[in-house]
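K.L.:
test case, fold it:
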Amino acid sequence: MSSTTQTFSPKSTAMPMAGTNQPFTANNAGSNNGSLTNGLLAVGGGEILVQGGLPISAVIPSIQSITLVVDSGPVYTATLNVVGACPSGSFDNAMQFTDQSGDTYSLRVYSSTVQTHTVSYNSSGPNITTITWDI
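P.N.:
Prediction:
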């Protein structure tokens, strides 16, 4: 009788270092579709920054905050926290986040009730460089 052993690797023990956010350029701020480019949402860097000091709520409709933190669980290295809702009368708010390694992560917000939405992921370059939305 033969046996098979499976080995599962936990997430890397090298945690991303806390970084410093850099302000994003808002393209089509306040509209139903647009992007945030030329900035950096760093792991542990706090709230997202937008050039001109715009609050994120003035850029992406019905979104109140976006942060990126070290994931404390055994599987993922980073977690995006998005506080907000889908604008009333809309089907959803489809958001995409691209990190420094070029990977893109999607989040669809359907609820019109403000709540925290999360996206957890593994990446060798977890800091976010581009965000797009389409309502």
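K.L.:
could I get the pLDDT score of the closest residue to residue 102 other than its chain neighbours?
P.N.:
Closest residue to residue 102 apart from its sequence neighbours, by C-beta to C-beta, 6 or more residues apart in numbering: residue 125 at 7.9 Å. Yep, even glycine has a C-beta here, placed from its N, CA and C like the rest. Note on residue 125: pLDDT of 95.
K.L.:
assign a three-state SS to residue 125, would you?
P.N.:
Here residue 125 is coil, with the state taken from DSSP: H, G, I helix; E, B strand; the rest coil.
K.L.:
contact partners for the residue nearest the centre of the chain?
P.N.:
When C-alpha atoms, centre = their mean is applied to the chain, the residue found nearest the centroid is residue 80 (4.0 Å). Contact analysis of residue 80 by C-beta atoms under 8 Å, 6 or more residues apart in numbering lists 66-68, 97, 105, 107, 118-121, 128.
K.L.:
make a markdown table out of those and add pLDDT and distance to residue 135.
P.N.:
Below are the contacts of residue 80 laid out as a markdown table (pLDDT from 0 to 100; distance: C-beta to C-beta, whole Å):
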| residue | pLDDT | distance to residue 135 |
| --- | --- | --- |
| 66 | 98 | 16 |
| 67 | 98 | 21 |
| 68 | 98 | 22 |
| 97 | 98 | 16 |
| 105 | 98 | 18 |
| 107 | 97 | 13 |
| 118 | 97 | 20 |
| 119 | 97 | 18 |
| 120 | 97 | 24 |
| 121 | 96 | 23 |
| 128 | 98 | 19 |
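K.L.:
among the residues you listed, which one lies nearest to residue 29?
P.N.:
Of all the contacts of residue 80, residue 29 sits closest to residue 66, with 14.2 Å by C-beta to C-beta.
K.L.:
distance of the closest one from residue 74?
P.N.:
Look at residue 66 and residue 74: by C-beta to C-beta, to the nearest Å, they are 25 Å apart.
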